[in-house]
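# 3D model of this:
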Amino acid sequence: MTAPHALIEFFQKEAAEYLDRLEQLLATGETQGPDAAAFLSSARALRGSASMTRLDGLADFASTVERIAAGWRDRELRWDQRLHFAVRGALAELRSLVERAGAWSEGETRRSRTQSVALAAVAAGYLALAVPTDSPTMPIVPIARFFPDDGLPNIVQRNASPPITLAQRFRQDIAGAADGVARESAALATTPAGPAQLAVFDGLRRALLGLADVAESYGASSITTLATRMARAPLATASERAGVQGFARLLMDRELSDVQLAQQVKQAGLTWAGASTPEPAIVPIESLLYRGHSAVTRAREVRDHLNVHRQRGTLGEPEAQELFAELSDLLDLAVTT
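Take a look at the predicted model:
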């Protein structure tokens, strides 16, 4: 499956930044292992970014790196030089595949899946079988954690006294995902209108959908629903953006108890955009068309998209041609009331 050229280009730039951060963390932790929380945060961001491209195999490969990062954070993996080199090699492969994202084919899909399975196999040999010095019990880890779902029975064992509880892991993962939303939201506040702002809008929406994905994996439906609603909202007003920023800060507040967090998330869902989501009503289709000032505003957005294509020399692509057609329609609608 392919993605729009503009999305691929933005993904390549964003993924390169995440890979730079991951490689830097590896370089500073070759013997003792990278900073666990920072490494997981960047690995999760990379996986979320890869998921948005819908390039077959790429998100699975990035997800394997994320699972290793989670295992290292939770002390379910031992870290030594061999694992270090395996992860470093995987990041180099991911960088190469990211560079090929604009010309994705079956070859890249096979390469991604092969590398993902190879890395997972190495990681499976580093399950923490020794008792940590500050832990009274031996952590038992499901080996299937390091392999993509393949329909085969999983080998799962539960540790009666894990080093981190499910509730603690949920708060860590939610806070990490919310941090990404907060950073994108802060960037939006300082980015001038134009193509750059459109890219930041896209990044914020992807961060919100990534947050929804993390929440859904824990069954936190209230967080999932609100994050998804925010991702689908226009985010055109200051109040909407402030609501997103406040929601992110709420999820990052580790001083709140689980009960307090649940109550405040529920309240945030009720007050988002000033009211709960109304029931859909049947409206005349004419009311959904741009007219007058709204058509001019939309025409300016289309113009900005076309300028991006012009700068890349891609005005002949189908996406650009569709934008030209839309711009022509908007010019007619702009003079109607």
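
# Local confidence estimate at the residue nearest to residue 63 when sequence neighbours are not counted?
Distances taken as C-beta to C-beta, 6 or more residues apart in numbering place residue 47 nearest to residue 63, at 5.0 Å, with adjacent residues excluded. No exception for glycine: its C-beta is placed from N, CA and C like everyone else's. Looking at residue 47, its pLDDT stands at 88.

# ditto for residue 93
pLDDT, residue 93: 90.

# Run a quick neighbour tally on it.
Using other C-beta atoms under 10 Å, residue 93 is surrounded by 18 other residues.

# Distance of it relative to residue 122?
Distance from residue 93 to residue 122, counting by C-beta to C-beta, to the nearest Å: 13 Å.

# Residue 90 too?
From residue 90 across to residue 122, the span is 9 Å (C-beta to C-beta).

# what about the stretch 201-337 of the chain, any weak spots by pLDDT?
The stretch 201-337 of the chain contains residues with pLDDT under 70 at 273-293, 295, 332-337.

# Based on its surroundings, how many neighbours for the closest residue to residue 180 other than its chain neighbours?
Counting by C-beta to C-beta, 6+ apart, residue 207 is the residue found nearest to residue 180 once chain neighbours are left out, at 4.4 Å. For residue 207, the number of neighbouring residues by other C-beta under 10 Å comes to 26.

# ditto for residue 81
Applying other C-beta under 10 Å, we find 9 residues neighbouring residue 81.

# same question, residue 30
By other C-beta under 10 Å, 14 other residues sit near residue 30.

# who's in contact with it?
With contact set as C-beta atoms under 8 Å, 6 or more residues apart in numbering, residue 30 has these partners: 81, 84.

# Which strand or helix spans it?
Following DSSP states H and E, one finds residue 30 outside all helices and strands.

# and the strand or helix carrying residue 16, which residues are buried?
If you go by DSSP H and E, residue 16 is part of helix 5-28. For helix 5-28, burial by neighbour count (16 or more other C-beta atoms under 10 Å) applies to 5-12, 14-15, 18-19, 21-23, 25-26.

# tell me, what residue is most central in the protein?
residue 48 (2.9 Å; C-alpha atoms, centre = their mean).

# Please identify the nearest residue in space to it, excluding sequence neighbours.
Nearest residue to residue 48, sequence neighbours excluded (C-beta to C-beta, 6+ apart): residue 210, at 3.7 Å.

# Tell me where the stretch 51-200 of the chain has helices.
58-73, 81-99, 106-124, 166-189, 195-217 (DSSP state H, counting those that start in this stretch).

# The fourth one - contacts with which helices or strands?
Contacts of helix 166-189 with other secondary structure elements, assessed using 3 or more C-beta pairs under 8 Å, 6 or more residues apart in numbering; DSSP states H and E, are made with helix 36-53, helix 195-217, helix 238-252, helix 258-271.

# The third one too?
Using 3+ C-beta pairs under 8 Å, 6+ apart as the contact criterion, the neighbours of helix 106-124 among helices and strands are helix 58-73, helix 81-99.

# hmm, who's touching it?
With contact meaning C-beta under 8 Å, 6+ apart, helix 106-124 is reached by 55-58, 60-61, 63-65, 67-68, 71, 77, 82-83, 86-87, 90, 93-94, 97, 100, 143, 146-148.

# and that helix, average pLDDT?
Per-residue pLDDT over helix 106-124 has a mean of 83.

# any idea how far it is from the chain center?
Taking C-alpha atoms, centre = their mean, to the nearest Å, one finds helix 106-124 lying 21 Å from the centre of the chain it belongs to.

# and if you look at stretch 176-189?
With C-alpha atoms, centre = their mean as the basis, stretch 176-189 stands 11 Å off its chain's centre.
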